[in-house]
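Enquirer: This is a predicted model, with the sequence first.
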Amino acid sequence: MASRKRSGSGTKRPKEKVVHIYEQLCRGEDPKLLSIQFWEEFFLLQPNMDMLECELLKLNPEQYSSAKQNILNLFTECIHTLSFGNSKRVHNALQTIAVFIHFLFRKQTGTGGNANDCHNGATMSLNNTLVPFITINDIEDDMRELLKQLYNILTSNISTDRPKVLCLKILLIIATGIDNVNENNLIEFIIGQNLFEAFKHILSDSSLRNLHGHDVVTLLTILVNYRKHEGSNPYVVELSLLADELALNGYGQVISCVLTMFCKQHLLSLTELTTSSSWFSSLSNIVGNMFISDELCYRSQQIRANNALLLALYEAIHLNRNFITTLAHTQADSTPPSPCNTLNINDGSPDLSAAAILDASHYSTNLFVALFQYCSIVMQDHKSELSSTNLKLCLLILTCIAEDQYANSMMHDTNLTFKVSLHRAHMRHRKLTSEKVSKPQPLANTLLGE
């Protein structure tokens, strides 16, 4: 019995039904021969996204001609399902669309692989050459219809948020498919189907913003920078003319929450230094200078992720005069357990420095305060190219704020006072203390006084 179990343990796992269908489609077999209602039944099956992409990538040039029509039909049927399918079919269709578009970019950029590459994770181009497969002309009508359906889903009042998550994921795949955004021709379809109203709707709604706000702001930033100096970009025009206070405050709160959480994590790391003994801290500093720690790598990843939000802040300040008013706006619509809890509007001036160092509920989501505190942290380390780039972006934003007459007046307004804790680099000869401000004061006083 034991020998039978051992021999049976090495057998291959049976293929899923959906994987068999992927193989048949890639062989060029007519799916309608299997069943008249093939597509209705197909979208009830849970897609295996890894296997679908693998089957598409391992096609050799000779198989392309026979598989091309089936794959185009698959894309068309996915879009058709978004209009008439039930929630399960819509969910499965959106996942399949995401794989299809990601596959197109991999073939376009030469990062497609062969059969073995699918399993070992390599991304070598097939025979190191780009094989012409599906062009934009082949999917032009389908892409226009897809963007219409994505817009309808994003603006709908469906009970579940999963379809909206997948819609934004598809849009991000389209927007980030090529490193140079100006060379990404698929973005033209997003430009043609203006999604700005859908984005504004999400930013204006606090519950939707908590779920999708980061993706929306990231998308807007990419779209605004698409060939912005070559012609009329509707997203540049829409963002510059946006006067909806709820949407502007929502846009600012997304950025403020990210910067505030970065500051909180910085304070958490400082508490670890204070809890350790002095001799152990000195020894850790010596050893830490000899090796690149995982903590520094994680910090670099955080800084890199923040670049997109800082660029979003720069674009809003640079393009929209109305956005300046949101800089001094203290958010009050976040609800627990949001990571960006806010203060009550009746609590007076926000006091960050007087709060317990680990108490996130005392963090203001005021964008001015969050930005100044973030800048004071990143200024402590600008030795690497990544940190230096991040710091340059911070200083550019501060310059734009200082040059704006209205923003400058707000910073000097004695009626707009805040308690801000600007961070200082930890040194062995200087004890780590909580930065205190004696009283609330205008932001200009805080910056000049420090």
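Expert: Everything's here; your move.
Enquirer: Looking at the protein, which helix is longest?
Expert: Scanning the chain for the helix with the most residues, using DSSP state H, yields helix 245-275.
Enquirer: What helices and strands are in contact with it?
Expert: helix 196-204, helix 206-224, helix 294-319, helix 367-378 (3 or more C-beta pairs under 8 Å, 6 or more residues apart in numbering; DSSP states H and E). No exception for glycine: its C-beta is placed from N, CA and C like everyone else's.
Enquirer: what is the rounded mean pLDDT of it?
Expert: What helix 245-275 shows for mean pLDDT is 83.
Enquirer: So what does Lys419 look like in phi/psi?
Expert: The phi and psi values for Lys419, taken as degrees, to the nearest 10, are phi -100, psi 110.
Enquirer: Residues in a beta bridge with it, which ones?
Expert: For Lys419, the beta-bridge partners under DSSP bridges are Asp351.
Enquirer: thinking again about what came up before, confidence-wise, which of the helices and strands packed on helix 245-275 is weakest overall?
Expert: helix 294-319 (a mean of 79).
Enquirer: quick one on the thing from earlier: who wins for proximity to Glu55 among the helices and strands packed on helix 245-275?
Expert: Ranking those by proximity to Glu55 (C-beta to C-beta) places helix 206-224 first, at 28.4 Å.
Enquirer: what's next to stretch 37-50, contact-wise?
Expert: Stretch 37-50 has contacts (C-beta atoms under 8 Å, 6 or more residues apart in numbering) with 16-19, 21-22, 31-32, 35, 77-78, 81, 85, 88-89, 92-93, 95-96, 98-99.
Enquirer: Filter the residues you listed down to the buried ones and hand me the ChimeraX line.
Expert: In ChimeraX syntax, the buried subset of the contacts of stretch 37-50 is picked out as below (16 or more other C-beta atoms under 10 Å):
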select :18,19,21,22,31,77,78,81,85,89,92,93,95,96,98,99
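Enquirer: Can you flag which of the contacts of stretch 37-50 belong to helices?
Expert: Counting by DSSP H, these contribute 17-19, 21-22, 77-78, 81, 88-89, 92-93, 95-96, 98-99 to helices.
Enquirer: With respect to Asp413, which of those residues is nearest?
Expert: Nearest member of those to Asp413, counting by C-beta to C-beta, is Ala98, at 47.6 Å.
Enquirer: related to what we said a few turns ago, highest mean neighbour count out of the helices and strands packed on helix 245-275?
Expert: Mean neighbours per residue, mean count of other C-beta atoms under 10 Å, is largest over these for helix 367-378, with a mean of 24.
Enquirer: got the angle for that one vs helix 245-275?
Expert: Between helix 367-378 and helix 245-275, the angle comes out at 40 degrees (axes from the mean of the first three to the mean of the last three C-alpha atoms, to 10 degrees).
Enquirer: Helix or strand next in line after helix 367-378, which one?
Expert: On the C-terminal side of helix 367-378, the closest following helix or strand by DSSP states H and E is helix 385-403.
Enquirer: That following helix - what's its average pLDDT?
Expert: Mean predicted lDDT for helix 385-403 stands at 87.
Enquirer: after it, next one along is what?
Expert: Using DSSP H and E, the helix or strand that directly follows helix 385-403 along the chain is helix 405-412.
Enquirer: which strands and helices sit next to that next one?
Expert: helix 385-403, helix 443-449.
Enquirer: I'd like these laid out as CSV, including distance to Leu239 and mean neighbour count.
Expert: Formatted as CSV, those follow (distance: least, C-beta to C-beta, whole Å; neighbours: other C-beta atoms under 10 Å):
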stretch, distance to Leu239, mean neighbour count
helix 385-403, 15, 15
helix 443-449, 25, 16
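Enquirer: Please name whichever of the ones you listed is nearest to Phe196.
Expert: Per C-beta to C-beta, nearest to Phe196 of the helices and strands packed on helix 405-412: helix 385-403, 22.5 Å.
Enquirer: got the contact list for that closest one?
Expert: Residues outside helix 385-403 that contact it (C-beta under 8 Å, 6+ apart) are 300, 303-304, 306-307, 310-311, 313-314, 317-318, 324, 327, 371, 374-375, 378-379, 381-382, 407-408, 411.
Enquirer: Stretch 306-318 too?
Expert: Here stretch 306-318 makes contact (C-beta under 8 Å, 6+ apart) with 214, 217-218, 220-221, 224-225, 239, 248, 251-252, 254-255, 258-259, 262, 323-324, 367, 371, 374, 389-390, 393-394, 396-397, 400-401, 404.
Enquirer: Next one: Leu172 from Phe105, what distance?
Expert: Computed as C-beta to C-beta, to the nearest Å, the Leu172 to Phe105 distance reads 12 Å.
Enquirer: before we move on, what about Thr260?
Expert: Applying C-beta to C-beta, the value for Thr260 to Phe105 is 34 Å.
Enquirer: which of the two has more neighbours?
Expert: Taking neighbours as other C-beta atoms under 10 Å, Thr260 and Phe105 compare with Thr260 leading, 27 against 17.
Enquirer: I figured the more buried one hits Phe368, correct?
Expert: No - between Thr260 and Phe368 there is no contact, the gap being 11.8 Å when judged by C-beta atoms under 8 Å.
Enquirer: Report the residue spans of the chain with pLDDT below the cut-off.
Expert: Within the chain, the stretches falling below the threshold (pLDDT under 70) are 1-13, 110-132, 270-301, 328-365, 424-439, 449-450.
Enquirer: Quick test: name the residue nearest the centre of it.
Expert: Here the mean C-alpha position of the chain is nearest to the C-alpha of Asp215 (C-alpha atoms, centre = their mean), at a distance of 4.5 Å.
Enquirer: Quick one: residues contacting that residue.
Expert: With contact set as C-beta under 8 Å, 6+ apart, Asp215 has these partners: Leu168, Lys169, Leu171, Leu172.
Enquirer: Quick check: which element contains Tyr64?
Expert: Using DSSP H and E, Tyr64 maps to helix 61-84.
Enquirer: Please name every helix or strand in contact with that helix.
Expert: In this structure, helix 61-84 makes packing contacts with helix 17-26, helix 38-42, helix 87-108, helix 136-154, judged by 3+ C-beta pairs under 8 Å, 6+ apart.
Enquirer: try 7 Å
Expert: Here helix 61-84 touches helix 17-26, helix 87-108, helix 136-154, going by 3 or more C-beta pairs under 7 Å, 6 or more residues apart in numbering; DSSP states H and E.
Enquirer: Let me see the residues that make contact with the last one.
Expert: Contact with helix 136-154 is made by 72, 75-76, 79, 82-83, 97, 163-164, 167, 170-171, 185, 189-190, 192-193, 195, 198, as judged by C-beta atoms under 7 Å, 6 or more residues apart in numbering.
Enquirer: Show the subsequent helix or strand relative to that helix.
Expert: helix 162-175.
Enquirer: Identify each buried residue in the helix or strand just after that next one, please.
Expert: Counting by DSSP H and E, the element after helix 162-175 in chain order, helix or strand, is helix 187-192. Within helix 187-192, the residues scored as buried using 16+ other C-beta under 10 Å are Ile187, Phe189, Ile190, Ile191.
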